[in-house]
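J.: Make a model of this:
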Amino acid sequence: MKFFRRIFKRQGHSNKNDMCKSNFVGTVGGDIASFVFAWKDVYNDKIVYTMTDDKKNIFIWETDETIENVDGKHYFLIEGKISEHKEIQGQKQTILSECKFEQIGKYYNIKGGFFGEIGDRVELGNAKVYFRKPESDFKVTGEIIKDMPKPQHRIIIERGENTFILPFLIASGNRKKITKNTTGRYNIYARVIGYTIENGQRATYLFPIRVECKNGPVYNGAIYENFRASGRFGATWK
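T.: So this is what the prediction gives:
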């Protein structure tokens, strides 16, 4: 348990009870993608990577593979398979296999927080937004939507320590040219579908349910009707 106390202390969780707040993540046999803080130890000639996400959930991966910079100071995007859910001394651990690590940056250089849980509703009234082009290597954990139409733009919304990202398609006939300085104001009703890191900032990725334009380029949400109708992200706001 001293090992886990050291990890949580590095994350700023001074309360020893925080170590028991881990929950099982995902479904055994399923895939996982998560942003984690990681540590490496060696037991019985095996390398054991212990990871925690921002919700204090604990992940374990035992392997022969050496990953650089897993030193308790760096933040990673991990992808892998869930092999088992195990509880040790009251602490729930998600056991992984076939992991891939992608270094994001120093843990303490990543700012902000992730908002809510997958599927939660988010209402952002009179939100000022900033327009950005889609990123070709944009990494999102949570609900990965491979068949979702690629948006022309992404809009960035900042509320306190939380940053939100929403795919944005412009209505046909809208002549306003979008540049990096373009802003707008919208009432946004959406659901959380994943998390990402945007320029060193934790951000929550949203699926649009309804977007009401108050000032700015007119939003075209018709292209997402099939997704709403399927009920995957909630067919209606209520």
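
J.: is residue 31 in a bridge, and if so with what?
T.: Beta-bridge pairing for residue 31 (DSSP bridges): residue 81.

J.: Any idea how many residues pack against it?
T.: Residue 31 is surrounded by 12 other residues when neighbours are defined as other C-beta atoms under 10 Å. Using the backbone N, CA and C atoms, a C-beta is placed for each residue, glycine as well.

J.: so what's it up against?
T.: Listed by C-beta atoms under 8 Å, 6 or more residues apart in numbering, the contact set of residue 31 reads 79, 80, 81, 82.

J.: helix or strand for the first one, which one?
T.: It refers to residue 79. Under the assignment given by DSSP states H and E, the secondary-structure element containing residue 79 is strand 74-88.

J.: Who are the packing partners of the helix or strand that that strand is followed by?
T.: With elements assigned by DSSP H and E, the helix or strand that comes after strand 74-88 is strand 91-106. Counting contacts by 3 or more C-beta pairs under 8 Å, 6 or more residues apart in numbering; DSSP states H and E, the secondary-structure elements packed against strand 91-106 are strand 31-43, strand 58-63, strand 74-88.

J.: got the CA coordinates for strand 91-106 in CSV?
T.: These are the backbone C-alpha positions of strand 91-106, laid out as CSV (Å, rounded to 0.1, in the frame of the first residue of the first chain):
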residue,chain,number,x,y,z
GLN,A,91,-8.9,-1.4,-3.7
LYS,A,92,-10.5,-2.1,-7.1
GLN,A,93,-8.0,-2.5,-9.9
THR,A,94,-8.6,-2.8,-13.7
ILE,A,95,-6.0,-5.3,-15.1
LEU,A,96,-4.9,-4.6,-18.7
SER,A,97,-3.1,-6.3,-21.5
GLU,A,98,-1.7,-5.4,-25.0
CYS,A,99,-1.2,-1.7,-23.9
LYS,A,100,0.1,1.1,-26.1
PHE,A,101,1.5,4.2,-24.5
GLU,A,102,1.6,7.7,-26.1
GLN,A,103,3.3,10.4,-24.0
ILE,A,104,1.3,13.6,-23.7
GLY,A,105,3.6,15.7,-21.4
LYS,A,106,4.7,16.3,-17.9
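
J.: ok, that strand: who's next to it in the sheet?
T.: Each strand pairing with strand 91-106, determined using DSSP bridges, is listed with its direction: strand 58-63 (parallel), strand 74-88 (antiparallel).

J.: the inter-axis angle of the shortest one versus strand 31-43?
T.: Pointing back at strand 58-63 there. Orientation check (axes from the mean of the first three to the mean of the last three C-alpha atoms, to 10 degrees): strand 58-63 against strand 31-43 gives 70 degrees.

J.: related to what we said a few turns ago, the strands paired with strand 91-106: which one's closest to residue 218?
T.: strand 74-88 (34.4 Å; C-beta to C-beta).

J.: what comes into contact with the closest one?
T.: With C-beta under 8 Å, 6+ apart, strand 74-88 has contacts from 24-38, 51, 59-61, 70, 92-107, 110, 139, 141, 197.
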